[in-house]
Structures are given as structure tokens and as C-alpha cells.
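Asker: here is a sequence with its predicted model. Questions after.
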Amino acid sequence: MNTPHVRLGVIGAGNVGRAFVEMLTDESRQIALLDGATAVLDLVAVAVRDLDAARVGVDRALLVDDALAVAARDDVDILVELAGGVEPARTWIETALRRGASVVTANKTLMAEHGTELARLAHENGADLLYEASVAGGIPIIRALRTSLAGEKINRVLGIVNGTTNFILSQMTSEGRDYAEALKEAQDLGYAEADPTADVEAFDAAAKVQILSSLAIGTALRGEPISREGISAVRSVDVEFARRAGYVIKLIGVVERVGEHGLSRRTHPAFIPVEHPLAAVHGAMNAVFIEGDKSGPLMWLGQGAGGAPSATAVLGDVLHAARNRVSGRHDVPFSVDDRLQSVDAGELSSVFYLSLDVRDEPGVLAQVAGVFGRHQVSIQSMEQSGFGREARLSFLTHEVKARDVASTIEDLAQLASVDSIGASIRVIDGGVA
Ligand SMILES: NC(=O)c1ccc[n+]([C@@H]2O[C@H](COP(=O)([O-])OP(=O)(O)OC[C@H]3O[C@@H](n4cnc5c(N)ncnc54)[C@H](OP(=O)(O)O)[C@@H]3O)[C@@H](O)[C@H]2O)c1
């Protein structure tokens, strides 16, 4: 029997695209690729913007500069979109899906914004739309959720899904750097962009939370924003307090069931107990920790970015899509549980850490305690450290609603004796059975 051929068109030969093409053409992988795809994979075109740029590992004869034409080509069975951004990537992908070609993408921005309708379009046209590399780069979390855990009720997902912020917080924790020093180091090492906003203000993490919740767990909440807090307000004194209290600070993405039909999706810095597996995720690594109803806790750890790790996830998707094409099948998208209601992050209770710089004078503590009391925020522990005419008060509360903490902070800011208020940070409970 003749081995079938599946033809690939790639858009993008940057960090991920070039690594993907190198893996695809690597002689030592050919038997594994043939086994995985049950087909011979033929690379027919690689679209880029600049045809003249030097590109090691990519056959120049395959390069073209019209990406839309690659998406529209009748002989492309699988379009591999590795350029990024919403447009024109969305148009390329729709063009390929409408003519029944499958699509593999690493594009988190596009999938977070339009993933649900693109998945529907793929299904209507009998094609696959696969996007493993869009969340946590090289960690195969979407496939694991969709296959091995397909029948499991996932109660909570906690993810360290942004390597840049994990690197910054790790440097603050292990090397005692302050935020600005750690950010500069991340920029010097190429982990952070010159404009780090997307990472440090958690836009990137929020897009991954959106994909994890809507496309991996089947809990689309259309139009409902993800509650988002970044790490730029975290100071070294907060990191130091956390350490003394038995925690490390991490930026986490959370998808959590609340009661029967509630779902919270958010990203924020959190105090993680040192004994929790996520506390041991250092540097630019990513991890996803899942609490399943029957499976109990599960965790994946790996490189969340980088051309080669992300390209392995792309290649896995391409083999899966090729195998499906050979057998005339495609994956059916997750059905969406439309009974789920988004729960406002302000309504959720947890233990909170907060700290204030106050004037070191008699009566200040009573004023501060009075504000906490008015908002029913009860205090579990307090630490006072003096420096000159100022004192820093650091608190851990009992379980309180985030909304009450926010109104406490608003009122504290009105007190003449309060000079500044630091970050308020949630404490994540253990979660390990
Ligand atoms: N880098 C990572 O670690 C990582 C990890 C996970 C997911 N991703 C995702 O993977 C995608 C690619 O990321 P990357 O880091 O590889 O980006 P990149 O290095 O900037 O490469 C982008 C590639 O797309 C090409 N391109 C852009 N616009 C194009 C257009 N209009 N027509 C034709 N080609 C076009 C560029 O061509 P030129 O080379 O000619 O400019 C370049 O080759 C993004 O969606 C990103 O979010 C990246």
C-alpha cells in the first residue's frame, strides 16, 4: 500500500517557525514523523515578510512572501500559522478552514479572542484547529486536558503561565533583587521585552487563562473579562515577608469552579505555601497544576516559551492533524457548558496579605484597626517594623472577600497617618490532597 502524503504550508519562520521547519526536515526524525503522521509530510511553502533575510535551516526555494496565497492553496492540507497577532492571521486561518484544510497555530492572542468561533468554523468544515503551543509553550497541557482528562471534572487550574514574570519574582526571592533590578536583568537576558507591559501587567497570562478555560476545559464565557492584576506593585519587602511567613510570591492564572454553576477566571500575584509544588517552579519555567474531582492533584512543568520547546508542541499537533486527515476524521471541539456564570473576583474570599507605611506615632494602630473592623476584615497576624519616623505594618487577614479588602484599602488611603499602601496579595490554600 502506498504511503499517503500530507502537504504543509507554514506562515512564519521566526523563533518558532524556524525551529519547527528544522525539526520537520531533520533526517534523524523521519521515521518518528512517518509513524506519528501515518503519512509522508511534504513542506510546500514557508511564508515570511522579508524574503532576503538570512534564515539558517530553511530551504530558500520554499520561501514566499504572500501568506494569504499559502492559506488559499488547494494543495496545502495543513496550514501552520506561526506569525502571531490577530490580523491578518485570523483571515489566513479562516481562509484555510473554509476550504477544509486543518490549521495548527501557536497564536495565543488570536485564540484567546476568537478561538471559540474559529473552532466552530473548523468543525463545520470537517477540519482540525489545534493550538497546543499557545498555552505554556512546550507543555502538552491542552492535549492532556482534552484526552486523558476528558471525562474528569476539573475543579481548579492554577498555572504559572508567564515565564518572564516567574523569572522576575524568582530573582526577587532567591537573589534579593528589587523589582526594577529583576526586570532589567530579565530584559538583558532576553526574557522580557523593552516594553514589558504585556508580561508584567498580566495581559499575556490573561490570554492563556482565557484559552485554558474556554478551549481546554469547555467553559466559554463570552464577553466576560478575565480579572487581571500584574506584578509591578510587588516589592522586595513583600517577597521578604512572604518568605518569613512560609510562602513564595508567584503570578498565577486561575480557572476555578465556584459552587454548582460559578466559574472564576483571573490572574494575580499570590502567596503560595512553600510546600506547594508550584512554589518550586523557578526562573522562566512554566507549570500547570490541576485539581481534578477524582484524579486529585496533577502538575506539568516545562519550558513555556522558546522556539524549540514551542515547536515540539506545534509538531505534535501537526502529526495529530495529519493522522486525522489520513483516516478521514477531525477532532470535535469541546461542548460549552452554558449554565456557567462568571463569578466576580471581588466576591471571592481568601486570606489576604497587605502592608502599609504609616507615621510612627501614638494612636495610628488603633485608627488602622478601626478601618479594618468597619469592613469586617479580621486580622490573623500583624508584623510591625520601624524605620526612622515611619513604621511598616504588614498584615495577614482571615478569609475575607476581595471586595471588602478593596474598600478597606480605599478608606485606609484617606487616613493622614498612612503614607503609602503596598500590594494586596491573595494567599492560595494548599490544594494538595
Ligand atoms: N517565541 C516563543 O517562545 C513562543 C512561544 C509560544 C507561542 N509563540 C507564538 O508563536 C507565534 C510566533 O512567535 P515567534 O516568536 O516565532 O515570532 P517571530 O520570531 O516574530 O516570527 C514571526 C514570523 O512571522 C513572519 N510574519 C509576520 N507577519 C507576516 C506576514 N504578514 N506575512 C508573512 N510572514 C509574516 C515573520 O517574517 P519575517 O521573518 O520576514 O519578519 C517571522 O518569520 C506567535 O503567535 C507567538 O505568540 C511564541
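Answerer: All right, it came through fine.
Asker: longest helix in this structure, by residue count?
Answerer: What stands out as the longest helix in the chain, according to DSSP state H, is helix 307-326.
Asker: any idea how far that one is from the chain center?
Answerer: 20 Å (C-alpha atoms, centre = their mean, to the nearest Å).
Asker: can you list the strands that the helix or strand following that helix pairs with?
Answerer: Using DSSP states H and E, the helix or strand that follows helix 307-326 towards the C-terminus is strand 341-342. Take DSSP bridges as the rule and strand 341-342 pairs in its sheet with strand 262-273 (parallel).
Asker: in the partner strand, what's buried?
Answerer: For strand 262-273, a neighbour-count test (16 or more other C-beta atoms under 10 Å) marks 263-273 as buried. C-beta coordinates here come from the backbone N, C-alpha and C atoms, glycine included.
Asker: what comes into contact with stretch 231-242?
Answerer: 165, 168-169, 172-173, 176-179, 200-202, 248-249, 251, 269, 271, 353, 355, 383, 392, 394, 422-423, 425 (C-beta atoms under 8 Å, 6 or more residues apart in numbering).
Asker: just the buried members of those residues?
Answerer: Looks like those have 165, 168-169, 172-173, 177, 179, 200-202, 248-249, 251, 269, 271, 353, 355, 392, 394, 422-423, 425 buried, using 16+ other C-beta under 10 Å.
Asker: within reach of the ligand, which of these are there?
Answerer: By C-beta under 6 Å from any ligand atom, no member of those lies near the ligand.
Asker: now, which of those lie within helices?
Answerer: Reading helices off the buried ones among the contacts of stretch 231-242 with DSSP H, I get 165, 168-169, 172-173, 179, 200.
Asker: in a markdown table, list the residues you listed along with pLDDT and distance to residue 51.
Answerer: Converted to a markdown table, those look like this (pLDDT from 0 to 100; distance: C-beta to C-beta, whole Å):
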| residue | pLDDT | distance to residue 51 |
| --- | --- | --- |
| 165 | 97 | 36 |
| 168 | 97 | 37 |
| 169 | 98 | 41 |
| 172 | 97 | 44 |
| 173 | 97 | 46 |
| 179 | 96 | 42 |
| 200 | 97 | 35 |
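Asker: any idea how far residue 213 is from the residue nearest to residue 251 when sequence neighbours are not counted?
Answerer: Taking C-beta to C-beta, 6 or more residues apart in numbering, and ignoring the residues beside it in sequence, residue 251 has residue 165 as its nearest neighbour in space, at 4.3 Å. Distance of residue 165 to residue 213, computed by C-beta to C-beta, to the nearest Å: 19 Å.
Asker: swap in residue 79?
Answerer: If you go by C-beta to C-beta, the gap between residue 79 and residue 213 works out to 26 Å.
Asker: cool, and residue 141?
Answerer: Distance from residue 141 to residue 213, by C-beta to C-beta: 12 Å.
Asker: likewise residue 388?
Answerer: For residue 388, the distance to residue 213 - C-beta to C-beta - is 47 Å.
Asker: spell out which residues of the protein are next to the ligand.
Answerer: 11-17, 47-50, 53, 67, 82-84, 88, 106-108, 133, 137, 305-307, 310.
Asker: emit the PyMOL select command for whichever of those are buried.
Answerer: Buried residues among the residues of the chain next to the ligand (16+ other C-beta under 10 Å), as a PyMOL selection:
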select buried, resi 11+12+13+15+16+17+47+48+67+82+83+84+106+107+108+133+137+305+307+310
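Asker: now the strands for the stretch 51-200 of the chain?
Answerer: Using DSSP state E, counting those that start in this stretch, the strands assigned to the stretch 51-200 of the chain run over residues 63-64, 78-81, 102-105, 129-130, 154-160.
Asker: what pLDDT does the model give the closest residue to residue 185 other than its chain neighbours?
Answerer: Spatially, and ignoring its direct neighbours in sequence, residue 185 is nearest to residue 171 (6.0 Å; C-beta to C-beta, 6+ apart). Per-residue confidence at residue 171 stands at 97 (pLDDT).
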